[in-house]
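Peer 1: sequence first, predicted coordinates after that:
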Amino acid sequence: MNSPLRQALTWLMLATAALTVAAAIFVGYQVTQAPPITELKTTQVPQPSVILSADGKTIGRFQEQRLQPVTLAQVSPYVTQALIATEDHRFREHSGVDWLRSLKAILRTATGRMEGGSTLTQQLVRNLFPEDIGRSRNLGRKVKEIVTALRIERIYTKDQILEAYLNTVPFLYNAVGIEAAAHTYFDKPAIELDVAESATLVGMLKGTNYYNPVLHPQRAKARRNLVLSQMLKRGVLSQADHDAARQEDLQVSLTHQAVDLDLAPHFAAQVRRWLDDWADQHDRDLSREGLVIHTTLDSRLQEAATKAVERQAQALQNVADLEWSAASMPVVSRSLDSYAQGAPGGKAFAHFWRQHPRLLADAARKTPDYRKLIKSGQPPAEALKAVLGDAELMAKVRASKTRLEAGFVAIDPRNGAVKAWVGSRDFADEQFDHVGQAARQPGSTFKPIVYAAALESGILPTRTYVDTPIEVRLGNGKVWRPTDMSGSTGESMTMWQGLVLSKNTITTQVMQDAGLPRITALAKAMGITDSTLDPVPSMALGTSPVTLLEMATVYATIASGGEHKQPYFVERITDKQGKEVAVFGPNKVDRALSAETVNNLIDMMRGVVTYGTGTMLRTRFVPEGDLAGKTGTTQNNTDGWFMVMHPQLVTGAWVGFNDQHVTMRGSYWGQGGHSALLLVGDFLRTAFKQKLVDSQAAFTSPRRPPVTGNGEWSPTNEEVDESAPLLDSEGNPITTDPAGEQPLNPAMDGDADDGEAPKTSDELDQLVNRLGRSSDNRPAISPPPLPERPVESIRP
């Protein structure tokens with residue numbers, strides 16, 4: 001062999017030997033770093049991460065909720081069968097590591113198909129020793145994981161390993177272990193889980209967030225069915241049982257376990273959802289590492305918001321209880337005190353349920369009691385009769401269905417920081433978030449987007465339109481005829497008046513001039529980024545569902561001078577020693593509206609709270625402050641909205657019932673300007689009184705005289721009703737309720753004409769003349785004087 005070849009072989013052998021020694025040293029070192037196994041740790045003492053408000057108050061803790069560990073005998077056999085069939089079908093055969101599966105996983109990953117090769121024992125290692133092993137994808141972690149898994153298998157039986165795994169695996173919503181998961185998702189102990197429920201929980205293990213059955217039921221059901229297929233494939237489930245289980249609905253009934261989330265529970269839950277991805281990407285454990293999450297929430301504003309929601313929503317509940325208690329409507333009072341006693345004993349919503357028997361039957365069919373009777377083999381008719389005959393159960397069902405709900409949010413428009421967030425009247429009764437999760441039709445609160453699109457296209461507030469019946473031909477050949485409940489006047493109105501009076505006929509014409517593509521694009525640019533808008537003409541009147549958070553973002557875009565800033569919740573995260581782990585702060589700024597459009601739009605919306613549908617804000621709550629806003633009411637008084645802008649704070653509220661078949665009966669308290677406005681007004685009164693918001697701050701947009709075609713306007717002490725017909729998704733009038741049982745009150749999606757509200761420009765002029773003007777020619781109710789220059793923005 002020649003000398004060069006011999007030298008090359010020598011160097012190759014030396015390099016191989018060196019790599020072998022290095023690998024041996026590396027593996028040996030990792031073995032020493034692997035945790036010793038003296039007992040399977042089914043309990044640990046983690047230090048939970050703490051969520052703080054901007055002013056240092058504890059909002060909540062990311063603390064795991066563990067129920068008493070259970071034995072395998074206390075777990076449904078379907079759970080272990082589904083787990084082994086799906087996650088590790090050779091579990092009973094290997095000694096902690098499935099080398100064949102690992103090799104296949106490596107080969108498939110090399111071809112671009114990511115696949116995990118970890119056994120249940122390896123997964124248990126990660127659950128038991130998150131700090132010792134870690135979750136980062138590197139060779140060191142994998143070696144320690146394998147070594148520890150082999151050690152566990154030498155010491156403990158397969159059943160002990162399964163038991164430890166099932167007691168330590170996390171399932172979201174602070175539920176750790178199969179017993180906590182069974183109670184959280186199905187409100188039952190683990191031993192009672194059936195095959196479909198067991199498959200649902202096991203299916204979550206591939207990705208608890210992605211396959212969350214509460215937020216992503218379709219994904220969760222598809223994953224559950226895949227688990228069922230694996231059980232069939234592995235011979236632990238018969239074809240008949242497999243087919244029957246696949247046909248079942250998920251039937252998840254979320255029941256939160258005790259969690260320390262007192263001050264702002266929905267906000268804390270939102271923060272946790274937002275941080276889940278961050279924690280996964282950065283290998284952090286929020287429930288164990290003692291991190292400190294510094295949020296944007298102001299505890300004082302949050303307290304004011306919580307109290308406002310509690311007070312005003314209960315007052316509106318009293319109204320609904322009384323108005324639906326008997327066939328004859330009580331005389332409508334403009335004072336909530338008149339309804340304080342509520343309906344006479346046991347008669348709340350009595351007339352409503354007499355009018356909607358099918359709705360009550362449908363609610364009964366959705367109870368766990370009904371499902372249990374069906375599973376036991378009872379015929380549906382007999383099961384329904386039994387449930388309807390359970391007086392105590394049905395009282396709870398009726399109370400739940402007719403419980404008025406609400407959502408409230410406040411955002412600083414200068415940077416997008418969320419300052420207050422109330423997702424429901426009471427987190428203990430309702431965990432569903434009506435700020436960030438519930439998508440409802442926004443009604444007339446969507447109209448400012450339409451008018452903004454028109455202003456952006458060059459149309460001026462002085463542009464006149466005729467208030468007359470119009471027809472819009474749709475692509476499917478149908479004709480949409482938008483109307484106002486007060487009828488058409490035939491008068492000319494400016495675009496300014498159209499928004500202030502919330503005229504549907506005027507808004508529709510503005511929509512036609514601006515164009516649906518422009519309106520849709522602008523809505524997204526201003527903040528409607530998650531909900532899908534249906535670009536049909538009726539969208540201009542607010543028929544496409546959106547979340548309250550999205551609408552607050554839209555109004556914050558206007559209040560910030562046309563700059564869109566996506567809301568944010570977390571400023572920074574520090575560890576338990578105070579060292580910064582991550583810094584977030586405000587999101588990037590995107591210009592959505594021109595300064596001139598903003599100036600015109602804010603001035604138009606000042607008119608809403610001074611002359612139009614939002615005057616109750618001034619007359620009952622906050623006569624001071626530079627405020628601009630919009631009311632909204634949807635089909636048959638189903639949703640009440642109110643959004644208001646201040647230079648330092650944008651606030652919004654929604655009021656309604658979870659079941660959209662249930663509505664406010666009367667048109668006065670059913671409209672957003674008399675329902676949702678109460679929550680916002682109560683909150684702002686407290687915020688101004690406690691000087692949490694500067695009542696003297698003013699928008700940079702100049703105050704201008706009302707833009708009318710005739711006469712001058714002045715603030716009014718009378719409320720103006722907005723009126724709109726009930727429309728389907730295509731804008732066609734609907735004449736019966738969704739259950740098809742009763743003709744609807746003709747005062748739909750908005751507000752009945754009770755005879756006191758000005759509907760035409762002439763009526764408004766007459767009202768102005770009656771009110772008169774002060775000696776210095778300023779309006780009788782004058783706003784605070786404007787500062788010489790705008791208030792400077794607070795830096796984040």
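Peer 2: Yep, it's here.
Peer 1: please name the nearest non-neighbouring residue to residue 340.
Peer 2: Excluding its sequence neighbours, the residue lying closest to residue 340 (C-beta to C-beta, 6 or more residues apart in numbering) is residue 318, at 6.2 Å. Where C-beta positions appear, they are placed from N, C-alpha and C, glycine not excepted.
Peer 1: which secondary structure elements does the helix or strand hosting the one you found contact?
Peer 2: Using DSSP states H and E, residue 318 sits in helix 299-323. In terms of contacts (3 or more C-beta pairs under 8 Å, 6 or more residues apart in numbering; DSSP states H and E), helix 299-323 is packed against strand 404-412, strand 417-422, strand 649-657, helix 667-670, helix 676-689.
Peer 1: about what we covered before: you'd agree the residue nearest to residue 340 is up against residue 342?
Peer 2: Yes - shown here, residue 318 and residue 342 form a contact pair, counting by C-beta atoms under 8 Å, at 4.5 Å.
Peer 1: who's more crowded, those two?
Peer 2: Neighbours per residue (other C-beta atoms under 10 Å) separate residue 318 from residue 342, with residue 318 holding more: 21 against 17.
Peer 1: for that one, what are its contacts?
Peer 2: Residues in contact with residue 318, defined by C-beta atoms under 8 Å, 6 or more residues apart in numbering, are 336, 339-342.
Peer 1: dump these into a markdown table; add pLDDT and distance to residue 352 as well.
Peer 2: Below are those laid out as a markdown table (pLDDT from 0 to 100; distance: C-beta to C-beta, whole Å):
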| residue | pLDDT | distance to residue 352 |
| --- | --- | --- |
| 336 | 89 | 20 |
| 339 | 89 | 16 |
| 340 | 84 | 20 |
| 341 | 80 | 19 |
| 342 | 74 | 14 |
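Peer 1: quick one: distance of whatever helix or strand residue 180 lives in to the chain centre.
Peer 2: Residue 180 is part of helix 178-186, with elements assigned from DSSP H and E. Put simply, helix 178-186 sits 23 Å off its chain's centre (C-alpha atoms, centre = their mean, to the nearest Å).
Peer 1: by contact count, what packs against it?
Peer 2: Partner elements for helix 178-186 (3+ C-beta pairs under 8 Å, 6+ apart): helix 158-168, strand 175-176, helix 195-204.
Peer 1: most packed of those?
Peer 2: Most buried of those by mean neighbour count (mean count of other C-beta atoms under 10 Å) is helix 195-204; its value is a mean of 27.
Peer 1: quick check: what element follows that helix along the chain?
Peer 2: helix 217-233.
Peer 1: rounded mean pLDDT for that next one, please.
Peer 2: Averaged over helix 217-233, pLDDT sits at 95.
Peer 1: now do the helix or strand that comes right after it: which elements does it pack against?
Peer 2: Next helix or strand after helix 217-233 toward the C-terminus (DSSP H and E): helix 239-247. Here helix 239-247 touches helix 195-204, helix 217-233, going by 3+ C-beta pairs under 8 Å, 6+ apart.
Peer 1: pull the longest one out as CSV, backbone CA atoms only.
Peer 2: What it means is helix 217-233. The C-alpha trace of helix 217-233 is given here as CSV (Å, rounded to 0.1, in the frame of the first residue of the first chain):
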residue,chain,number,x,y,z
PRO,A,217,-64.1,20.6,18.2
GLN,A,218,-63.8,19.5,14.6
ARG,A,219,-60.0,18.9,14.9
ALA,A,220,-60.6,17.1,18.2
LYS,A,221,-63.3,14.9,16.7
ALA,A,222,-61.1,13.9,13.8
ARG,A,223,-58.3,13.1,16.1
ARG,A,224,-60.7,11.1,18.4
ASN,A,225,-61.8,9.0,15.4
LEU,A,226,-58.2,8.3,14.5
VAL,A,227,-57.6,7.0,18.0
LEU,A,228,-60.7,4.8,17.6
SER,A,229,-59.3,3.5,14.3
GLN,A,230,-56.0,2.6,16.0
MET,A,231,-58.0,0.7,18.7
LEU,A,232,-59.8,-1.2,16.0
LYS,A,233,-56.5,-1.9,14.3
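Peer 1: which of the helices or strands spans residue 55?
Peer 2: Counting by DSSP H and E, residue 55 is part of no helix or strand.
Peer 1: what residues are up against it?
Peer 2: 298-300.
Peer 1: switch to 10 Å and redo it
Peer 2: By C-beta atoms under 10 Å, 6 or more residues apart in numbering, the residues touching residue 55 are 297-302.
Peer 1: which residues are in contact with both of residue 318 and residue 342?
Peer 2: By C-beta under 10 Å, 6+ apart, the residues touching both residue 318 and residue 342 are residue 348.
Peer 1: need the helices and strands packed on helix 239-247 in TSV (columns: distance to residue 444).
Peer 2: Shown next, in TSV, are the helices and strands packed on helix 239-247 (distance: least, C-beta to C-beta, whole Å):
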stretch	distance to residue 444
helix 195-204	41
helix 217-233	32
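Peer 1: nearest to residue 632, of those helices?
Peer 2: helix 217-233 (28.9 Å; C-beta to C-beta).
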